[in-house]
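Enquirer: sequence and predicted structure below; questions after.
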Amino acid sequence: MFGHEFRDKYFTLLEDGVLSVNHGSYGHTPTPVFDKYVQYIRNEYAYPDRYMLREQLPEYTEALQLISDKYLHCDYHNVALVENATTGVNTVLRSLKFNKGDRIVMASTVYGSCYNTVRFLAKRIGIVPVVVDLPYPLEDEEVVARFAKELPGSKLALFDAITSMPGVRVPFEKLTKLCKKHGVISLIDGAHSIGLIELDLGTLAPDFYVTNLHKWLYVPRGCAALYVNPQYHGEIQTMPISHSYIDEDVEPIVDDSLISKFHFIGTVNFASIASIKDAIEFREKTCGGEDAIAQYCQDLSFKSAKLAIAKWPFAQLLTNRHNSVIPPSMVNLIIPFKDLVSHYQLATSLDFNNKEALDKAHDAIDIMLMDDYKSRAPFLFHNGEVWMRFSCQIYNELSDYDYVTNAFGHCLKKYFGVTPTSKL
C-alpha cells in the first residue's frame, strides 16, 4: 500500500528526483491536505471580515478538540495552538516568573533554539542553567538518575520526549513524575511526538508540553500544540503579547482563558490550523489509521538500519538493553570515523578536537548530499564517530536508504580525497 507508489500519488509536492529520508526535520504534507490548505487561504482572502469575525474562532476550537481527543487525550481547554515547538518553549520560558539564581535543568541533547532561550534568560535575569550530560547510548534508568541528581532545589526542568539529534526516545513520563516529586516545573519539548508516539497528557499531567503538528502528523507548516496545566492558565501569555492579554492579578481565570488568549494574537495565516482536520482524515481514511502508519514506518526503520550496517559492518545501531531509546520511524547509526577512512580509503582523517574543521567538513558534505544527490540524512561528527539519523515514512522504501548510504560514501570521498591506490 505504502512506498513509492503512495508517494507518486499522495506526496506530489516533492520535487522530482528528491529522495527524502529526513521527514523528522520539517515534515511533509500530503498533496490532498495541501490542496485544502490552499483552499482555506483563498477563503480567508475572499472575505477577511467574515472569516476573522465569524469563522476563525470556530475553526480554532474545532482543531483543539480534534487533536486533544484523538492524540493528546486531555481537555482541549488546556491546549493552545502556536507556530512551532520553539515558539511554544519560548512562550513558557518567557511567561514564567524567574528570579536571579533560579536553576533551569536541561539535557546536553537539548534542541539548540531552546538552549539559546535559556542562555537569554541567564543573561537577562540571572537564572542558572544546569546541563545534565547524556552520553548515549544510555538506559532509561541512567537518564532518570542523572536528572535526579540535579532536580532538588531547581525551578524548572526542560527535557525532550524524543531528542532531535540523535533521535532517541527519552523517558519523559518518568522524568515528569520525578519533577512532581521535587516540586519542579516540567517543560517537555515533544516536537517529535504527536503522530509518532502515543500520548496521554490528561493522565501524565505535565506542567507544559509542546509538540509540532507539521512533523509527523502531516499538517502544513507551521503549527504546534502547547499543553498548559490548568494551574498556569493565568501566568502563561502569548508571544507576542497582544489584544488578548489577561492580567492574572485582576481578571478571573476561566476554562476558556487559553482559547481567549491564543486564538487570535494578530493577523497571520490561519490555514494550517484549518487543515488539521484534513490531515487527520487523510491518516484515517487514506492511510488506514495510526496502526497501519506506525507498523510500516517502524518495520522500515529497522530494515534501513540493518541495510546500512550491512554496508558498514563497523557501524552500530544506537540502542540500549530494552530498545527503549528507539522511537518509531527513526533510527540512529554510530559509525567510527577511522573505519570510514579505512573502508573508503580516504586520503586524510579529521581532527575531532578542531571544531572549525568539524563544522567545515560537516557543512561541505551536507551541501554535497543536497546538491549532488538531492537527499539529506542529518549527521554529526562526535567523539571520533559519525552519528547519522534516518527518518522513515510511508512514502519511503528500503532502496531509499541504500541510495543515501552510497551517496554519503561518495561525498566522503569527494571531500577528503582517496589514497593513490584507490578509485572513486
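Expert: Yes, it's here.
Enquirer: domain assignment for the protein?
Expert: 32-280, 289-416 (automatic domain parsing).
Enquirer: once you drop chain neighbours, what's closest to L196?
Expert: Spatial nearest neighbour of L196, chain neighbours left out: W216 (4.2 Å); criterion: C-beta to C-beta, 6 or more residues apart in numbering. Every residue, glycine included, has its C-beta placed from N, CA and C.
Enquirer: tally of neighbours for the one you found?
Expert: 28 (other C-beta atoms under 10 Å).
Enquirer: part of a strand, is it?
Expert: No - remark: W216 does not belong to a strand; assigned using DSSP: H, G, I helix; E, B strand; the rest coil, it is coil.
Enquirer: got the contact list for it?
Expert: W216 is in contact with H23, G24, G27, H192, S193, I194, G195, L196, S329, counting by C-beta atoms under 8 Å, 6 or more residues apart in numbering.
Enquirer: and the residues you listed, which of them are in helices?
Expert: Members of the contacts of W216 lying in helices (criterion: DSSP state H): H23, G24.
Enquirer: including pLDDT, could the contacts of W216 go into CSV?
Expert: Putting those into CSV (pLDDT from 0 to 100) gives the following:
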residue, pLDDT
H23, 94
G24, 90
G27, 94
H192, 94
S193, 95
I194, 97
G195, 95
L196, 94
S329, 92
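Enquirer: just send the contacts of W216 back as TSV, with neighbour count and distance to M52 too.
Expert: Output for the contacts of W216, formatted as TSV (neighbours: other C-beta atoms under 10 Å; distance: C-beta to C-beta, whole Å):
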residue	neighbour count	distance to M52
H23	22	33
G24	25	34
G27	23	27
H192	28	33
S193	28	31
I194	25	27
G195	26	29
L196	27	33
S329	27	37
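Enquirer: next, format the contacts of W216 as a markdown table and append distance to P152.
Expert: As requested, the contacts of W216 are exported to a markdown table (distance: C-beta to C-beta, whole Å):
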| residue | distance to P152 |
| --- | --- |
| H23 | 39 |
| G24 | 34 |
| G27 | 38 |
| H192 | 29 |
| S193 | 27 |
| I194 | 31 |
| G195 | 35 |
| L196 | 32 |
| S329 | 36 |
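Enquirer: helices or strands up against whatever helix or strand L358 lives in?
Expert: Element membership for L358 (DSSP states H and E) is helix 355-373. Helix 355-373 sits against strand 375-376, strand 379-382, helix 398-416, with contacts defined as 3 or more C-beta pairs under 8 Å, 6 or more residues apart in numbering; DSSP states H and E.
Enquirer: what strands line up against the first one, and which way round?
Expert: With DSSP bridges as the criterion, the sheet partners recorded for strand 375-376 are strand 19-20 (parallel).
Enquirer: for L96, give me its contacts.
Expert: Here L96 is in contact with L156, I185, Y232, E235, I236 (criterion: C-beta under 8 Å, 6+ apart).
Enquirer: how much space between it and A274?
Expert: In this view, L96 and A274 are 31 Å apart by C-beta to C-beta, to the nearest Å.
Enquirer: what pLDDT does the residue nearest to L196 get?
Expert: Reported pLDDT at W216 in the predicted model: 96.
Enquirer: tell me how far it lies from L187.
Expert: 20 Å.
Enquirer: cool, and L213?
Expert: Note on L213: its distance to L187, by C-beta to C-beta, is 18 Å.
Enquirer: now the strands for the stretch 1-150 of the chain?
Expert: Using DSSP state E, counting those that start in this stretch, the strands of the stretch 1-150 of the chain run over residues 19-20, 79-82, 103-107, 128-132.
Enquirer: run through who's touching the second one.
Expert: Outside strand 79-82, the residues within contact range by C-beta under 8 Å, 6+ apart are 60, 63-64, 67-68, 72, 88, 91, 210, 223-228, 239, 258-259, 261-263, 273.
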